[in-house]
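K.L.:
structure, please.
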Amino acid sequence: MNVFRRSAFFGHSNSIFGAPYAMPLVAGIVALSMTAICTFILYQSRLDAMEHAVDTSRDVALLAEHDLVRNFELYALSLQAVVEGLGDPELMAASPRVRKAALFDKAASATYLGSILVLDAHGKITLTAGAENPVDDSYSDRDFFKAHQESANLGLYVGDPYVSPRHGDSMSIPLSRRISGADGSFAGIVLIDIQLEYFQKLFSELSLGTDGSLALIRKDGTMVMRQPYDAQVIGRNIRSASTFKQFMTAPEGSFSDTSYIDGTRRLYFFKSLPNLPFIIMVAKAHSDIYAVWRQRTLLIASVMGALTLAFIGLSCAFGVQLKRKMRAESELAMLARTDGLTGLSNRRKLDEILDQEWRRARRHQRALSFLFVDIDCFKAYNDSYGHQAGDTVLATVAKCIGNHIRRPGDSAARYGGEEFLVVLPDTPLDGAQLIAETIRDAVCRLAIEHRESAFGHITVSIGCATWEPQQADADMATVIRAADEALYNAKMTGRNKVVLSARHRCGDRQAHG
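P.N.:
Sure, this is the predicted structure:
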């Protein structure tokens, strides 16, 4: 294959590896961009889900706080009223029925209120809000009794959850106030038991999702109530848990952590109640927070995946079609510049080559050589062997010429009939003569039978001419004509030889096969 056919091929390849193969790349970039945008939106949606969960948890905590503060204020006022009533001599001198009605008013009928007791300095019950008579129970060993016994300034004290001996197995939260004598000495306490059922009912009415959790924790780490309810958790101290340590860092806040109790990953919102020794904790499981987000993500990812695959598939199909079109156009362009029989450049392409190489030679002041190659006695061969055999000889000789011009800039073209023109840029006369002789010898060695030839086989005659930089007055037509005249001399002086242009001082060479 000659240089021009190679150049055409590589030009064709550049087209193939250009736009058509860029289509999947462009499609991939677009798909990646779409995926990046979608990923960003989904990530933002995930952040929004977490932010919404924080807001919802805060609302739940505020609802619980409102209910707790309101009820504890009522219980605290009831305790204070009892303490003040016990210090009123007239009231204490009244009949038991009047005294009880005045001291306890209607607090005894409050929902989830276990009992209201007055304890003396030894922890014995001296007065109750109920109709029953005081029993011989002692509370002197309880934490709330000892706390008031040791300090006169506690005010309202919330004790540890305990099983009250007056209410069977039901757990209660004790609220108490100190009773002081006239001299300030410890005279006992007033105690209200709030049944845990109150907290359990309050928390159960607040929705937190499948794996959510709501807890009321005393500031010393004691678990007062937790939803979902577990009797074994109530009263447990969790001050060593990482979650509780976070609770103690600020009045309120949110964070994500793993539960100390059940190992579930949750978003925690906590709020410390300012006038009560409690922390309200609202915890939503990450699985609940992101449940809707995951469904939405799966749907969007599926749709985006299908659209992306379809887009890439269509782009690839379009690229294949474009590739075929460009290949066809390239082949047509190559055929328009290639001789269909020999595969060498045709006259149209030859004109482009000649103009290009002539300009380059003049611009760079480099030698430019031309070889006119003609198949000897070709008409006689056609008449003797037929036109089909003649076409085969043309193609074979053309291939032989192409195989012996191997520099990137060299080229060969079918000039017409059985004539070929070889263009040798940057080649002086002696180099052109050597190439011409190589071509002539190679054709001889093909040993294609030719009965009408004096040599008995196909031979070629070659005329050679060179433009040198010192020939400033010569034009391209003159140099080509000189090569044609040299070919004519070769044929007139015996054929199967290389003859140099008369413009150069050289002889001719002939070889007999």
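K.L.:
from here on, just use CA atoms for contacts and neighbour counts.
P.N.:
OK.
K.L.:
buried stuff in stretch 177-191?
P.N.:
Buried positions in stretch 177-191, judged by neighbour count with 16 or more other Cα atoms under 10 Å: 177-180, 186-191.
K.L.:
then stretch 382-400?
P.N.:
Applying 16+ other Cα under 10 Å to stretch 382-400 flags 382, 390, 393-400 as buried.
K.L.:
mind putting those residues into JSON lines with distance to D257?
P.N.:
As requested, the buried residues of stretch 382-400 are exported to JSON lines (distance: Cα to Cα, whole Å):
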{"residue": "N382", "distance to D257": "97"}
{"residue": "G390", "distance to D257": "92"}
{"residue": "V393", "distance to D257": "89"}
{"residue": "L394", "distance to D257": "87"}
{"residue": "A395", "distance to D257": "84"}
{"residue": "T396", "distance to D257": "85"}
{"residue": "V397", "distance to D257": "86"}
{"residue": "A398", "distance to D257": "83"}
{"residue": "K399", "distance to D257": "81"}
{"residue": "C400", "distance to D257": "83"}
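K.L.:
show me the residues you listed that map onto helices.
P.N.:
382, 390, 393-400 (DSSP state H).
K.L.:
what ranges does the stretch 201-350 of the chain have for its helices?
P.N.:
Assigned by DSSP state H, counting those that start in this stretch, the stretch 201-350 of the chain shows helices spanning 242-247, 286-289, 291-336, 347-364.
K.L.:
okay, A398: pLDDT?
P.N.:
Confidence at A398, expressed as pLDDT, is 95.
K.L.:
wait, isn't it in contact with L344?
P.N.:
Yes. Look at A398 against L344 with Cα atoms under 8 Å: they come within range, at 7.1 Å.
K.L.:
can you give me the buried ones in stretch 143-156?
P.N.:
In stretch 143-156, the ones that count as buried by 16+ other Cα under 10 Å are 144-145, 147-149, 156.
K.L.:
those: which two are farthest apart?
P.N.:
The distance between the two most remote of the buried residues of stretch 143-156 (Cα to Cα) is 13.3 Å, for Q149 and L156.
K.L.:
so for these two, which residues contact both of them?
P.N.:
Residues touching both Q149 and L156 (Cα atoms under 8 Å, 6 or more residues apart in numbering): none.
K.L.:
tell me which other helices or strands the strand or helix carrying V26 touches.
P.N.:
Element membership of V26, judged by DSSP states H and E, is helix 19-86. Counting by 3 or more Cα pairs under 8 Å, 6 or more residues apart in numbering; DSSP states H and E, the packing neighbours recorded for helix 19-86 are helix 89-93, helix 96-104, strand 171-180, strand 186-195, strand 265-272, strand 278-285, helix 286-289, helix 291-336.
K.L.:
so after whichever helix or strand L117 is part of, what's the next helix or strand?
P.N.:
Counting by DSSP H and E, the element that carries L117 is strand 113-119. Next helix or strand after strand 113-119 toward the C-terminus (DSSP H and E): strand 125-128.
K.L.:
what is that next one packed up against?
P.N.:
strand 113-119.
K.L.:
need the contact list for R70.
P.N.:
Contacts of R70 (Cα under 8 Å, 6+ apart): none.
K.L.:
if we go to 10 Å?
P.N.:
A76 (Cα atoms under 10 Å, 6 or more residues apart in numbering).
K.L.:
and if you look at L421?
P.N.:
Going by Cα under 10 Å, 6+ apart, L421 touches 345, 347, 350, 370-374, 401, 411-415, 462-464, 480, 483-484.
K.L.:
can you classify it by secondary structure?
P.N.:
The local conformation at L421, judged by DSSP: H, G, I helix; E, B strand; the rest coil, is strand.
K.L.:
using the three-state scheme, assign the closest residue in space to it that isn't next to it in sequence.
P.N.:
Spatial nearest neighbour of L421, chain neighbours left out: F372 (4.8 Å); criterion: Cα to Cα, 6 or more residues apart in numbering. The three-state label given to F372 by three-state DSSP is strand.
K.L.:
what residues does F372 make contact with?
P.N.:
With the criterion set at Cα under 10 Å, 6+ apart, F372 makes contact with 412, 415, 419-423, 436, 460-465, 480-488, 498-499.
K.L.:
what does L267 give?
P.N.:
So, once contact is read as Cα under 10 Å, 6+ apart, L267 ends up touching 50, 53-54, 57, 212-213, 254-259, 282-286, 289.
K.L.:
please name the bridge partners of it.
P.N.:
For L267, the beta-bridge partners under DSSP bridges are S256, K284.
K.L.:
tell me how far it lies from L91.
P.N.:
Separation of L267 from L91 (Cα to Cα, to the nearest Å): 53 Å.
K.L.:
quick one: H286 and V54 touch, right?
P.N.:
No. Under the criterion of Cα atoms under 10 Å, H286 is not in contact with V54, lying 11.5 Å apart.
K.L.:
comparing the two, which residue is more hemmed in?
P.N.:
V54 (22 against 18; other Cα atoms under 10 Å).
K.L.:
show me the contacts for that one.
P.N.:
Contacts of V54 (Cα under 10 Å, 6+ apart): 48, 60, 253-255, 267-269, 282-284, 289.
K.L.:
could you turn the buried ones of those into a ChimeraX selection?
P.N.:
Buried subset of the contacts of V54, written as a ChimeraX selection, criterion 16+ other Cα under 10 Å:
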select :60,253,254,267,268,269,282,283,284,289
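K.L.:
what residues of stretch 493-504 count as buried?
P.N.:
For stretch 493-504, by 16+ other Cα under 10 Å, it's 495-501.
K.L.:
kindly apply the preceding question to stretch 440-454 instead.
P.N.:
Buried-residue list, stretch 440-454, by 16+ other Cα under 10 Å: 440-444, 450, 452-454.
K.L.:
kindly report the same for stretch 308-319.
P.N.:
308, 311-312, 315-316, 319.
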